[in-house]
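Q: Any chance you could fold what I've pasted below:
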Amino acid sequence: MTRVLYPGSFDPVHNGHIEIIETAASLFDEVVVAAMVNTSKDGVFGLDDREEMLKVSTSHLESVTVKMFSGLVVDLASDIGADFIVKGLRAVSDFEFEFQMAQMNNAASGIYTLFIPSASKSSFLASKFIRDFARYGGDISAMVPAPVAARLKEQYG
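A: Sure, this is the predicted structure:
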């Protein structure tokens with residue numbers, strides 16, 4: 001059985017994230033999605049909110065579980081017995097950052113990171129842009145799962 005960890009801030013989860021989760025679920029036996037505290041990003045939702053949105057947005061995938069975590073990704077990967085870390089890539093700029101992080105994680109723990117490219121239809125999605133659009137009343141309904149769109153509307157009115 002192959003278990004992978006897909007960590008991220010998911011603030012909020014969007015259709016690009018769901019695409020990566022669905023792809024990982026089709027390739028591996030078990031996918032653990034972990035919403036992490038990311039001190040380098042300004043977010044809007046707390047861990048509990050992100051956990052709920054992730055759970056409802058992935059409920060159609062039996063092999064996916066959701067965890068919340070604050071700390072090093074490699075520690076969580078070890079705790080859950082992950083065989084690999086999975087990361088989604090939208091653009092070359094993502095690769096540069098994620099490749100460095102993958103090398104750091106491998107040097108610290110021996111765990112490898114596998115990259116899954118997003119489809120072109122969702123390669124432009126980023127949580128920070130979705131938050132901005134939602135904050136100013138933009139229509140983000142095609143960019144996020146329906147429960148997330150409702151939650152964003154609640155958040156921003």
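
Q: before we move on, what SS does A142 have?
A: Here A142 takes the coil state, with states given by DSSP: H, G, I helix; E, B strand; the rest coil.

Q: All the helices of the protein, residue numbers only.
A: With helices called from DSSP state H, the chain shows them at 15-27, 47-57, 73-80, 92-109, 127-135, 146-156.

Q: V86 is nearest to which of the ones you listed?
A: For V86, the closest of the helices of the chain is helix 15-27, at 5.0 Å, according to Cβ to Cβ. Any C-beta I mention is one placed from the backbone N, CA and C, and that applies to glycine too.

Q: List the buried residues of the closest one.
A: When burial is assessed from 16 or more other Cβ atoms under 10 Å, helix 15-27 yields the following buried residues: 15-21, 23-25.

Q: now for that helix, which elements pack on it?
A: Judged by 3 or more Cβ pairs under 8 Å, 6 or more residues apart in numbering; DSSP states H and E, helix 15-27 is in contact with strand 3-8, strand 30-36, strand 84-89, strand 112-117.

Q: and of those strands, who's closest to V74?
A: V74 lies closest to strand 84-89 among the helices and strands packed on helix 15-27, at 8.1 Å (Cβ to Cβ).

Q: Let me see the mean pLDDT of the closest one.
A: Averaged across strand 84-89, the pLDDT comes to 97.

Q: Same check on stretch 127-142?
A: pLDDT averaged over stretch 127-142 gives 94.

Q: Great, nothing more from me.
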